[in-house]
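>>> I would like the atomic coordinates for the input below:
(chains A, B, C and D)
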2 protein chains.
Amino acid sequence: MAKHDPDLSLLFHALADPTRRSILSRLAETPARVTDLAGPTGLRLPTVMRHLSVLEEAGLITTSKDGRIRTCAIVPEALDPARTWLDEQRAIWEARLDRLDAFVMNVMKKERAE
Amino acid sequence: MAKHDPDLSLLFHALADPTRRSILSRLAETPARVTDLAGPTGLRLPTVMRHLSVLEEAGLITTSKDGRIRTCAIVPEALDPARTWLDEQRAIWEARLDRLDAFVMNVMKKERAE
DNA sequence: ATCATGCTTAGCCATATCGCTAACTATCGC
DNA sequence: GCGATAGTTAGCGATATGGCTAAGCATGAT
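Residues are numbered from 1 along each chain as shown, chains lettered A, B, ... in the order given. I've put the predicted structure just below:
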C-alpha cells in the first residue's frame, strides 16, 4: 500500500486548481496552442505556461513544439492512478461500512434478546 | 460544466498530500482519536490537527468530541464528486480518442488511395 | 485538589503557489 | 531585413502550506 506516492500527490495537486481543470476540459475537445488555452482563462501567457508545466509534470498533458507554436494535448491514461486510488478507497470504505452494519445488527439482536 | 467548482478544488487539494492520504487510509479501518492518528505520521499534534481540519473542510471526515477526546471518522460518500469528475473526463477523453482514430483511419485511407 | 492526558491556540519559519510585468528569443509573413 | 506573432525566462509580491514550539484549557484519574 503506497504510503508516499509522489505520482498521486502530483496528480491530485494538478487537479486541485480550477484553471488547470478548465484547461484539461478544453484540451479534452482537441489539442490546442498555448495562446488558445490562455484566451478563455483571462490569464497572461507566463501564468498559463506555469499551469501547463504543472500539468505536464503530473503527466496529464504532453506538449510539442512545431516552429514557434507549442501544441498541447491530453494524456488520457494519466487519470488512471487517481481513479484506481479512489476505487480502492471506496472499496475499503464500503467494506468498513458493511462491518459497521454487521456490528449494528448484532447489537440490535442482542438488545432484542434482553 | 462547472468552471469554478470549489468543492472539487478542496477535495483534490486535500487528497494531494501523502500525510492526509495515509490518515484517510488509517481511518478507513476504523474511527480514531487525534493522538492515534498522529502516532504513525511522526508529526506533532498541531500539525496533524491542521491536516485534519483540511480533511474536514473538504468534507472527507467528520469529527466529534466526547469529553476531551475527539474522534475522527471518514465520510464515505465524500469521494463521489472526485470520482464523478474523473469518470466524466475519462468519457470525454476517450470519445476524443475515438474521433482521432477515425481521423487517422481516414488519412490512411486517403494515402492508400494516392 | 492535584496531576496527567488530550486537545487547542498563537505564533514563528521556510518554502511553495499563483498572479503579474518586463525583457528576451525565435519564427513567420512580407 | 522588419515587423508582427508565439513563446520563454527572470524576477517581483502577496498569500498559502506544512512543519515546529510554547503555552493554554478542559477533562479524567487519584
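>>> what residues does chain A put near chain B?
By the criterion of Cβ under 8 Å from any Cβ of the partner chain, the positions of chain A lying close to chain B are A:1, A:3-6, A:8-9, A:12-13, A:15-18, A:21-22, A:24-25, A:28-30, A:74, A:76, A:79, A:82-83, A:85-87, A:89-90, A:92-94, A:96-97. The C-beta positions use only the backbone N, C-alpha and C, and glycine is treated the same way.
>>> Narrow the residues you listed to those in helices?
A:6, A:8-9, A:12-13, A:15, A:18, A:21-22, A:24-25, A:28-29, A:82-83, A:85-87, A:89-90, A:92-94, A:96-97 (DSSP state H).
>>> and the residues you listed near DNA strand C, which?
Restricting these to those touching DNA strand C (Cβ under 7 Å from any atom of the strand) yields A:H13.
>>> Narrow the ones in helices among the residues of chain A next to chain B to those that are buried.
Neighbour-count burial (16 or more other Cβ atoms under 10 Å in any protein chain shown) is assigned, among those, to A:8-9, A:12-13, A:15, A:18, A:21-22, A:24-25, A:28, A:82, A:85-86, A:89-90, A:92-93, A:96.
>>> how about the residues of chain A near DNA strand D?
Counting by Cβ under 7 Å from any atom of the strand, chain A sits next to DNA strand D at A:33-35, A:45-46, A:49, A:65, A:68-70.
>>> How about A:A73: what's its closest non-neighbour residue?
Excluding the flanking residues, the one nearest A:A73 by Cβ to Cβ, 6 or more residues apart in numbering or on different chains is A:P31, at 4.0 Å.
>>> Next, count neighbours for the closest residue to DNA strand C within chain A.
Closest to DNA strand C within chain A is A:G67: 2.1 Å, counting by Cβ to the nearest atom of the strand. The tally of other residues near A:G67 (other Cβ atoms under 10 Å in any protein chain shown) stands at 5.
>>> Relative to B:P40, how far out is it?
Computed as Cβ to Cβ, to the nearest Å, the A:G67 to B:P40 distance reads 53 Å.
>>> again with A:P31
44 Å.
>>> Looking at the two, which one has more neighbours?
Comparing A:P31 with B:P40 by neighbour count (other Cβ under 10 Å), the higher total belongs to A:P31, at 17 against 14.
>>> how about that one, phi and psi?
For A:P31, the backbone dihedrals (degrees, to the nearest 10) come out as phi -60, psi 160.
>>> got the contact list for it?
A:71-73 (Cβ atoms under 8 Å, 6 or more residues apart in numbering or on different chains).
>>> gap between stretch A:21-37 and the chain center?
16 Å (Cα atoms, centre = their mean, to the nearest Å).
>>> pull the helix or strand with minimum mean pLDDT from chain A.
Taking mean pLDDT, DSSP states H and E as the measure, the helix or strand of chain A with the lowest value is helix A:80-113, at a mean of 68.
>>> Now do stretch A:19-26: everything it contacts.
Residues from elsewhere that reach stretch A:19-26 (Cβ under 8 Å, 6+ apart): A:14-15, A:32, A:36-37, A:40-41, A:43, A:48, A:51-52, A:54-55, A:60-61, A:74, B:1, B:3, B:5, B:8, B:85, B:89, B:92.
>>> Burial check on A:T41, number of neighbours?
Neighbours of A:T41 (other Cβ under 10 Å): 16.
>>> check contacts around it.
A:T41 makes contact with A:19, A:22-23, A:48 under the criterion Cβ under 8 Å, 6+ apart.
>>> Lovely, talk soon.
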